[in-house]
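Student: I need the structure of the sequence given here:
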Amino acid sequence: MKIGFAARYNPLDKKTWSGTGFYTCQQLSKLGEVEIFQYKLPKLLQEWLTTQKSINRRWFGKHTSVEFLNAYAKYFSRRLTRDLKKRPVDVLFVSASSQLVAYVKTDIPIVYMTDATFEQLQGYYTSFSNLAGYNRRQGIALDKKAFQKAAHCMLASEWCKESAISNYGISAGKISVVPLGANLDSYPVEKELSFEYAGTCRLIFVGVEWERKGGDIALAAFRLLQQKGLNPVLHIIGCMPPYNISNEPNIINIPFLDKNKAEDFEQFYNIFRQTDFLILPTRAECAGLVFCEASAYGIPSITTDTGGVTTYVKNNVNGFTLPISAGGDEYAEVIEGLCKNTADMQRLKKSCRSQYEKVLNWETWGQNFKRIADTLIQAKTH
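Tutor: Numbering: from 1, shown residues only. Predicted coordinates for the structure are as follows:
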């Protein structure tokens, strides 16, 4: 099987989309020959789009998502159309890049993967809020075209599927919900993990955006657990809280950790192996790869029922999802209850690892892609 991989970013670069492109490309390489279709934005078009961004910001106080403008999409769709004729493939995989296929002309079956529709992102993420009206209209239209052009939509969550059906009119029959995996080069085998509670409530908060990830709620929960005498330890990884916490006992702040560097990955590995709970009261989340990573280490995720989270965190299977309105006291209550019932906690930790092995891994994702691709190729042949 010859597989085309089309994306706005380089799938060989682990730093793009948190490494998701790299790990999907790895899986596709196990199934056949992979042909990459990825293009740079030409300088003239880049300058024109940047000008629009500047005008919208200065004159109208509006944001601009230039990759969701027609000029951007039509340029890349033309490039892809031309290259598919020169370098034909059996199936084309498109990763979160509706711009590349919105206006593409090809009879090659397209598998489109994404974690959100452009329409459902409006007002959900700050970067997609307050867009210029024409930007929003063009973005929704071209995104919808990409879903329609796809022979099959391989979506990362039930949340995304619901939007594709209700907002874009896509048939449920051409949608598969396939969770993403843990973006890890290696992870501990099960016998390396201890599922027993050591008596210290060890928490981890991971995220670049403190506010969006619910940092204040996580910190409030930690302080309440201290008051309850659970002797918690909190690792904050990936960001700096907006205020000084250096004097607070049992908080370790690591503002940046690059898992692609051996030294940083070793630190990540050791911290995760010694963690009891991931606490992430996220305000907005399309999927959340950290939930897959936590499950790989047998760490229950205590998080929010928002966006695509419930596809990744199942209540009483690999964690718990709380309402968006839940505060630090409710997060602390769930964690306290598990710490005081060590049998439940041990069972939940083992269940996390099992959920990773069955569902939240890239090998399972690759098997699902192969099933979809084989069906599409056979249908085209017949």
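Student: from here on, contacts and neighbour counts on C-alpha atoms
Tutor: Will do.
Student: would you map the strands across the chain?
Tutor: 2-6, 33-37, 91-95, 110-114, 152-155, 175-177, 202-206, 233-237, 251-254, 277-280, 301-304, 319-322 (DSSP state E).
Student: pLDDT at residue 265, what is it?
Tutor: We have a pLDDT of 89 for residue 265.
Student: quick check: chain neighbours aside, which residue is closest to it?
Tutor: residue 259 (4.4 Å; CA to CA, 6 or more residues apart in numbering).
Student: swap in residue 344?
Tutor: Residue 344 sits nearest to residue 338 (CA to CA, 6+ apart), 6.4 Å away.
Student: what's the burial count for that neighbour?
Tutor: As a burial measure, residue 338 scores 16 neighbours (other CA atoms under 10 Å).
Student: what do you get for residue 12?
Tutor: For residue 12, using other CA under 10 Å, the count is 16.
Student: can you name the residues that contact the closest residue to it other than its chain neighbours?
Tutor: Spatial nearest neighbour of residue 12, excluding adjacent residues (CA to CA, 6+ apart): residue 22 at 5.2 Å. Applying CA atoms under 8 Å, 6 or more residues apart in numbering to residue 22 gives the contacts 11-14.
Student: most neighbours out of these, which is it?
Tutor: Neighbour-wise, these (other CA under 10 Å) top out at residue 11, 24 neighbours.
Student: okay, that one and residue 344: tell me how far apart.
Tutor: Distance from residue 11 to residue 344, counting by CA to CA, to the nearest Å: 40 Å.
Student: quick check: pLDDT value at the spatially closest residue to residue 102 that is not a sequence neighbour.
Tutor: Distances taken as CA to CA, 6+ apart place residue 146 nearest to residue 102, at 4.3 Å, with adjacent residues excluded. We have a pLDDT of 97 for residue 146.
Student: got it, and residue 327?
Tutor: For residue 327, pLDDT reads 97.
Student: show me what counts as buried in the helix of greatest length in the chain.
Tutor: Using DSSP state H, we find that the single longest helix of the chain is helix 362-381. If you call a residue buried by 16 or more other CA atoms under 10 Å, then helix 362-381 has these buried ones: 362-366, 368-370, 372-373, 376.
Student: any chance of the residues you listed in TSV, with pLDDT too?
Tutor: Output for the buried residues of helix 362-381, formatted as TSV (pLDDT from 0 to 100):
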residue	pLDDT
362	96
363	96
364	97
365	97
366	97
368	98
369	98
370	97
372	97
373	97
376	96
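Student: with distance to residue 94 added, can I get the residues you listed in CSV?
Tutor: Below are the buried residues of helix 362-381 laid out as CSV (distance: CA to CA, whole Å):
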residue, distance to residue 94
362, 17
363, 18
364, 18
365, 15
366, 14
368, 15
369, 12
370, 14
372, 14
373, 12
376, 15
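Student: could I get stretch 116-129 in CSV with only the CA atoms?
Tutor: Provided in CSV are the C-alpha atoms of stretch 116-129 (Å, rounded to 0.1, in the frame of the first residue of the first chain):
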residue,chain,number,x,y,z
ALA,A,116,-12.2,19.4,16.0
THR,A,117,-14.2,21.1,13.3
PHE,A,118,-13.5,24.8,12.7
GLU,A,119,-17.1,25.7,13.5
GLN,A,120,-17.0,24.2,17.0
LEU,A,121,-13.7,26.0,17.8
GLN,A,122,-15.3,29.4,17.4
GLY,A,123,-15.3,30.9,20.9
TYR,A,124,-14.0,27.7,22.5
TYR,A,125,-10.3,28.5,22.1
THR,A,126,-9.1,32.0,22.6
SER,A,127,-7.1,31.9,19.4
PHE,A,128,-10.4,31.2,17.5
SER,A,129,-12.4,33.9,19.2
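Student: mind listing what's buried in it?
Tutor: 116-122, 128-129.
Student: can you check stretch 168-185 too?
Tutor: 168, 170, 175-184.
Student: just the terminal-to-terminal distance for it.
Tutor: OK, stretch 168-185 end separation, CA to CA: 36 Å.
Student: give the bridge partners for residue 251, please.
Tutor: residue 234 (DSSP bridges).
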